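A.B. asks: Next input, structure requested:
(4 chains)
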Protein chains: 2
Amino acid sequence: MPRPKTHDEALRVRLLDRASELLAAEGARALSLRRLAADVQTSTTAVYSLFGSKPGLVNALYSEGFQRFDERLRSVPRSGDAVEDVVRLGLAYRDSALAHRRLYAVMFTSAVPGFEPDEQASKLAMSALQPLWDVVAHGIAAGAFADVPTEVIAVSCWACAHGLVSLELNETLPREIDFCRAYERSIRANANGWRR
Amino acid sequence: MPRPKTHDEALRVRLLDRASELLAAEGARALSLRRLAADVQTSTTAVYSLFGSKPGLVNALYSEGFQRFDERLRSVPRSGDAVEDVVRLGLAYRDSALAHRRLYAVMFTSAVPGFEPDEQASKLAMSALQPLWDVVAHGIAAGAFADVPTEVIAVSCWACAHGLVSLELNETLPREIDFCRAYERSIRANANGWRR
DNA sequence: ACCCTATCGGGACGCTGTTACGAAACGGGT
DNA sequence: ACCCGTTTCGTAACAGCGTCCCGATAGGGT
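C.D. replies: The predicted structure is shown next:
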């Protein structure tokens, strides 16, 4: 009976797509609701009826980001050697982060001031790293890694990769390093440090 | 001949102190020029004549933060064993970060939207990690670490610590971990991975 | 043709960083 | 003693932000 809905699923994906573009092209500063709404030829109200708030919109981007992360990591082929597999996952992690560096900033540094992921998004984030957990658990069971709780080694590997990527994206590092090579060596050394 | 200056060095430190407090107590969101100026009983103009802009103010906080970092790391006693020293520096790094967690967010994640450190501040940031570079270089020279460029191992250790602290502060980690112990073990494993 | 109602867009509110401009406050010249 | 010139500072305006309210809208049922 009322006027037809235009704030529908189609508009939702258009908003998300454009928000991704804005974020990737010009960073978190440029992601304003007014601009976003204007670019998609709607009003800011659309964001509120579809996402609840700006943090709600960012939460959707966050979830999308971790979903891509999930797919990317899950598609990494296994070698059977635990250290080698950790290295492969680490390289895929970096590739994925560099491919969407602004989104990575939203996911791991609080680039959007008011935003914090809701519980569902946080679970999605953790589950994206399941491949790493699997590889580490398998490595421990096979006797390749030290006999400590899986999380300890998995978090260590994750943090090593995350720290390297984070420093690289922040451009905090000395410029003259061949970072790609150093990255792989570092991931490998870290994993080797956990050998039995 | 003109009216006496009140935007002087004393006001500068009062502004910085209060800005630190606001940042530590309520986070980057609460650090607004109007509020800051009101709290110190001056006007926003003061920030502009003393720091040039809000990013300028944050740049000063950033520098202060790395200076404290520098002092903290420089005061860590050396044991002579390279791996042990890396672990000690890592623990001090975490202590310092946890003691000023909001400032850490400004220093390593871009928590204040418009801010990027100027060249001088960036140099200060690098020099704060000199102790780590020294320990690693000494470890390589003594044959404890593999014979690779110093930066490679130093950045690896730094990234491992930074990644762990970053994930801890971001509360991205599974809750049930005894993080303090896991942190030390992880730093040690990473350093051990670089053994010759 | 009319009304009812869910829905949407424009505009208001309070906030932000930044800047332009007029007021203020002093020393020196008349 | 008065006034002026110069420098410095606080106020207010501007553009933009996220958010929310309220009036306009557009369709189906009577």
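A.B. asks: My read is that residue A:103 contacts residue A:20, right?
C.D. replies: Yes. Assessed by CB atoms under 8 Å, residue A:103 is found in contact with residue A:20 at 7.2 Å. Quick note: C-beta positions are derived from backbone N, CA and C, even for glycine.
A.B. asks: Look at these two and report which has more neighbours.
C.D. replies: residue A:103 (23 against 18; other CB atoms under 10 Å in any protein chain shown).
A.B. asks: quick revisit: list the residues that are in contact with both of residue A:103 and residue A:20.
C.D. replies: Residues touching both residue A:103 and residue A:20 (CB atoms under 8 Å, 6 or more residues apart in numbering or on different chains): residue A:61.
A.B. asks: could you measure residue A:122 against residue A:63, distance?
C.D. replies: 10 Å (CB to CB, to the nearest Å).
A.B. asks: neighbour count winner among these two?
C.D. replies: residue A:63 (20 against 16).
A.B. asks: Tell me if the helix or strand hosting that one is near DNA strand D.
C.D. replies: Taking DSSP states H and E as the criterion, residue A:63 maps to helix A:54-74. Yes. Residues of helix A:54-74 contacting DNA strand D under CB under 7 Å from any atom of the strand: A:54-55.
A.B. asks: List the buried residues of that helix.
C.D. replies: Across helix A:54-74, burial judged by 16 or more other CB atoms under 10 Å in any protein chain shown covers A:54-55, A:57-66, A:69-70, A:72-73.
A.B. asks: Tell me where chain A has strands.
C.D. replies: Taking DSSP state E, chain A contains no strands at all.
A.B. asks: How many neighbouring residues does residue A:187 have?
C.D. replies: Residues near residue A:187, counting by other CB under 10 Å, number 26.
A.B. asks: Surely it and residue A:85 touch.
C.D. replies: No. Contact between residue A:187 and residue A:85 fails when scored by CB under 8 Å: they sit 11.0 Å apart.
A.B. asks: care to break chain A down by domain?
C.D. replies: Following the assignment in automatic domain parsing, chain A carries domains at A:1-52, A:61-192.
A.B. asks: hmm, back to that, quick one: list the elements packing against the helix holding residue A:63.
C.D. replies: Applying 3 or more CB pairs under 8 Å, 6 or more residues apart in numbering or on different chains; DSSP states H and E, we find helix A:54-74 packed against helix A:9-26, helix A:33-39, helix A:44-51, helix A:82-99, helix A:101-108, helix A:119-128, helix A:130-141.
A.B. asks: Now do the shortest one: distance to the chain's middle.
C.D. replies: Spelled out, that is helix A:33-39. Offset of helix A:33-39 from its chain centre (CA atoms, centre = their mean, to the nearest Å): 25 Å.
A.B. asks: same deal with the fourth one?
C.D. replies: Remark: helix A:82-99 is offset 12 Å from the chain centroid, using CA atoms, centre = their mean.
A.B. asks: now swap in the third one and tell me
C.D. replies: On the basis of CA atoms, centre = their mean, helix A:44-51 sits 24 Å off its chain's mean C-alpha point.
A.B. asks: now that helix: mean pLDDT?
C.D. replies: For helix A:44-51, the mean per-residue pLDDT is 98.
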